[in-house]
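Colleague: I'd like to go over a predicted model; first the sequence, then the structure.
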Amino acid sequence: MTPQHKSLLLKLLPLIIGISVILAGIVSYWAYRSSGTVETSENDSMSAEEQVWEEESIALGDWMQEMYDSEDAPEIPNSVPDGVDPMNYGLDGGIPNTPVSGLYILSGKQPPFDYDLRFFSIDVSSSTAQAVVYNEDYDLSGIAEFNNPNNPSGYFFVNQISDAPGIEGIGISYFDIDSSEVISYETTLGDVARNIEWTQETELLAYNRLKKNLSLDYASVTQIDINNHEVVVLKPKTEEIVSIIPNALQPKWLPDGEQLIVMKDDGLYSYTIESEQENILWKVAEGGVVPAISMFDLSPDGKYLAWTTAGKGTITMFEVVSDKEEGVGLNELGRISLPDTEVFWPQFSPSGEYYSVQAIDTLKEGDYVRKNARIEIRPTNGREIVYNYSLDNFAFNALFADDWIVDSQ
């Protein structure tokens with residue numbers, strides 16, 4: 001090798017090392033995506049929030065695998081006639097004439113670069129996704145609820161930065177899209193508020209949180225037991241607490257703004273704010289217990305309710321029946337059962353004609369493997385998938401469906 005070649009090699013050596021590091025990172029990233037697991041070392045620089053999500057993901061992942069393997073996993077009740085498959089029946093309607101449209105809103109991370117949750121908007125009519133940042137002065141992780149899915153002008157969110165401009169403390173705030181103004185409401189929540197739901201009819205905000213006497217260790221089993229949670233109903237402008245519903249999760253407002261549907265450990269309940277009366281609407285099979293990561297959503301018009309069973313690929317669709325004298329009731333319309341699949345985060349479209357779930361394949365290849373994460377959209381009274389969007393470029397263990405709104409652009 002000539003002296004000139006040696007000199008050139010020495011000059012190129014840092015560049016070669018840099019390229020090698022980048023390639024190693026890319027290989028690690030693809031290994032992450034294909035395996036569904038993340039390995040970190042003690043030297044990794046992770047934010048406190050990232051460490052919490054990492055610990056929570058491991059804890060819930062272990063529990064999900066245990067549940068997947070168990071024959072004692074909570075079952076949904078068998079309420080269909082003899083001769084009908086209780087896991088697959090009904091929902092035989094066709095595709096609505098109105099095409100699927102709007103913006104699907106989610107909070108998530110795109111590894112290996114995102115340590116914090118970001119706010120994403122997916123146009124379901126064109127399958128384009130983009131990160132949305134209205135104002136970088138605020139940590140908008142925990143995006144929760146737009147004020148009106150059919151005419152969105154702002155949204156409520158859980159702010160994570162105590163000294164952000166216009167913020168009096170960590171808690172629930174409201175972001176006005178047109179003016180970029182932030183209004184600070186409840187300021188004592190820390191990061192424990194989840195599932196924020198707003199009703200314009202009575203201007204009340206409902207959310208769930210871990211009970212105040214519990215540790216905020218999200219990686220612990222307290223996160224899974226519904227009885228460790230409570231639903232709070234709040235007048236945001238005055239921060240007056242109107243109601244606290246114990247042992248409950250995932251509040252959803254009925255259109256009148258006077259009643260909620262909440263999830264308890266034995267099923268779904270209605271709750272009337274003024275009388276504080278609750279009535280069971282739907283009960284799981286005898287001996288079953290609903291884990292906190294079961295999920296449901298109510299259509300904006302209050303006519304339908306979609307339920308996903310934790311650890312299983314089961315979607316149950318209900319018709320919501322409301323009568324002034326007899327109150328609220330649920331009628332099962334049908335059920336879809338997807339083998340080797342888990343489904344989460346049911347979310348109705350603004351019109352209520354469609355709903356989405358986040359789905360991921362669960363394969364047992366020696367170890368428990370989760371891959372092929374995606375959004376699936378179906379007609380509310382149908383089975384056919386009309387839209388499929390891959391979520392493989394997101395960290396599925398830190399991915400949340402926030403809302404589905406009309407595209408006003």
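Modeller: Great, that's in hand.
Colleague: Need the phi and psi values for I261.
Modeller: Backbone dihedrals for I261, given as degrees, to the nearest 10, come out at phi -110, psi 130.
Colleague: For it, name its beta-bridge partners.
Modeller: Counting by DSSP bridges, I261 is bridged to K252, S270.
Colleague: who touches it in this structure?
Modeller: Contact analysis of I261 by C-beta atoms under 8 Å, 6 or more residues apart in numbering lists P251, K252, L254, L268, Y269, S270, Y271, L281, F296, L298, L305, V328. (Each C-beta comes from the backbone N, C-alpha and C, glycine too.)
Colleague: From those, list just the buried residues.
Modeller: Members of the contacts of I261 that pass the buried threshold by neighbour count (16 or more other C-beta atoms under 10 Å) are listed as P251, K252, L254, L268, Y269, S270, Y271, L281, F296, L298, L305, V328.
Colleague: What's opposite D403 in the beta bridge?
Modeller: Beta-bridge partners of D403, counted by DSSP bridges, are I105.
Colleague: how close does it get to Y89?
Modeller: Relative to Y89, D403 is positioned 30 Å away (C-beta to C-beta, to the nearest Å).
Colleague: Can you list the residue ranges for helices in this structure?
Modeller: With helices called from DSSP state H, the chain shows them at 3-35, 48-69.
Colleague: And the residue lying closest to L298 once chain neighbours are set aside, how far from V406?
Modeller: Closest residue to L298 apart from its sequence neighbours, by C-beta to C-beta, 6 or more residues apart in numbering: K252 at 4.1 Å. Shown here: K252 relative to V406, a distance of 19 Å by C-beta to C-beta.
Colleague: And for S179?
Modeller: For S179, the distance to V406 under the criterion C-beta to C-beta works out to 20 Å.
Colleague: just E353 next, same as before
Modeller: Summarising the geometry, the distance separating E353 from V406, computed by C-beta to C-beta, is 13 Å.
Colleague: and what of Q250?
Modeller: Here the distance between Q250 and V406 works out to 23 Å (C-beta to C-beta).
Colleague: Which one's more surrounded, these two?
Modeller: Between Q250 and V406, counting by other C-beta atoms under 10 Å, Q250 is the more crowded of the two (25 against 17).
Colleague: Surely that one touches I293?
Modeller: No: Q250 is not in contact with I293 according to C-beta atoms under 8 Å; the separation is 10.2 Å.
Colleague: for the stretch 1-150 of the chain, which spans come out with low pLDDT?
Modeller: Counting by pLDDT under 70, the stretch 1-150 of the chain contains low-confidence ranges at 1-83, 113-116, 132-144.
Colleague: Could you report the neighbour count for D225?
Modeller: As a burial measure, D225 scores 15 neighbours (other C-beta under 10 Å).
Colleague: can you give me the strands in the stretch 201-350 of the chain?
Modeller: When assigned using DSSP state E, counting those that start in this stretch, the strands of the stretch 201-350 of the chain occupy the ranges 204-210, 229-235, 240-246, 249-253, 259-264, 267-272, 277-283, 295-298, 304-308, 314-323, 327-337, 341-348.
Colleague: Please convert those to TSV, extending it with mean pLDDT and distance to A395.
Modeller: As requested, the strands of the stretch 201-350 of the chain are arranged in TSV below (pLDDT from 0 to 100; distance: least, C-beta to C-beta, whole Å):
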stretch	mean pLDDT	distance to A395
strand 204-210	85	23
strand 229-235	89	24
strand 240-246	91	32
strand 249-253	93	22
strand 259-264	94	25
strand 267-272	94	30
strand 277-283	91	33
strand 295-298	94	19
strand 304-308	95	20
strand 314-323	91	24
strand 327-337	91	26
strand 341-348	93	14
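Colleague: Make JSON lines out of those and add distance to L103.
Modeller: As requested, these are exported to JSON lines (distance: least, C-beta to C-beta, whole Å):
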{"stretch": "strand 204-210", "distance to L103": "22"}
{"stretch": "strand 229-235", "distance to L103": "27"}
{"stretch": "strand 240-246", "distance to L103": "31"}
{"stretch": "strand 249-253", "distance to L103": "20"}
{"stretch": "strand 259-264", "distance to L103": "25"}
{"stretch": "strand 267-272", "distance to L103": "28"}
{"stretch": "strand 277-283", "distance to L103": "30"}
{"stretch": "strand 295-298", "distance to L103": "16"}
{"stretch": "strand 304-308", "distance to L103": "19"}
{"stretch": "strand 314-323", "distance to L103": "22"}
{"stretch": "strand 327-337", "distance to L103": "25"}
{"stretch": "strand 341-348", "distance to L103": "12"}
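Colleague: Figure out which of the ones you listed is closest to I105.
Modeller: Taking C-beta to C-beta, strand 341-348 is the member of the strands of the stretch 201-350 of the chain nearest to I105, at 8.9 Å.
Colleague: now for that closest one, which elements pack on it?
Modeller: Using 3 or more C-beta pairs under 8 Å, 6 or more residues apart in numbering; DSSP states H and E as the contact criterion, the neighbours of strand 341-348 among helices and strands are strand 295-298, strand 304-308, strand 314-323, strand 354-365, strand 400-405.
Colleague: so of the ones you listed, which one's packed in deepest?
Modeller: Neighbour counts averaged per stretch over the helices and strands packed on strand 341-348 are highest for strand 304-308, at a mean of 23; criterion: mean count of other C-beta atoms under 10 Å.
Colleague: and it with strand 327-337, angle?
Modeller: Using axes from the mean of the first three to the mean of the last three C-alpha atoms, to 10 degrees, the direction of strand 304-308 lies 50 degrees away from that of strand 327-337.
Colleague: Could I get the CA-only coordinates of strand 304-308 as PDB?
Modeller: In PDB, the C-alpha atoms belonging to strand 304-308 read as follows (Å, rounded to 0.1, in the frame of the first residue of the first chain):
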ATOM      1  CA  TYR A 304     -73.700   1.700  18.700                       C
ATOM      2  CA  LEU A 305     -71.100   0.400  21.100                       C
ATOM      3  CA  ALA A 306     -68.100  -1.600  20.100                       C
ATOM      4  CA  TRP A 307     -66.200  -3.800  22.600                       C
ATOM      5  CA  THR A 308     -62.800  -5.500  22.300                       C
END
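Colleague: name the helices or strands packed onto that strand?
Modeller: strand 295-298, strand 314-323, strand 341-348, strand 354-365.
Colleague: Okay, now the sheet partners of it, with direction.
Modeller: Based on DSSP bridges, the strands next to strand 304-308 in the sheet, each with its direction, are strand 295-298 (antiparallel), strand 314-323 (antiparallel).
Colleague: Let's see the last one as CSV, backbone CA atoms only.
Modeller: Written as CSV, here are the backbone C-alpha positions of strand 314-323 (Å, rounded to 0.1, in the frame of the first residue of the first chain):
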residue,chain,number,x,y,z
THR,A,314,-62.9,-10.6,19.6
ILE,A,315,-65.1,-7.6,18.6
THR,A,316,-68.6,-7.4,19.9
MET,A,317,-71.0,-4.9,18.5
PHE,A,318,-74.1,-3.6,20.4
GLU,A,319,-77.0,-1.4,19.6
VAL,A,320,-77.6,1.1,22.3
VAL,A,321,-81.3,1.4,23.2
SER,A,322,-82.3,4.5,25.2
ASP,A,323,-85.8,5.0,26.7
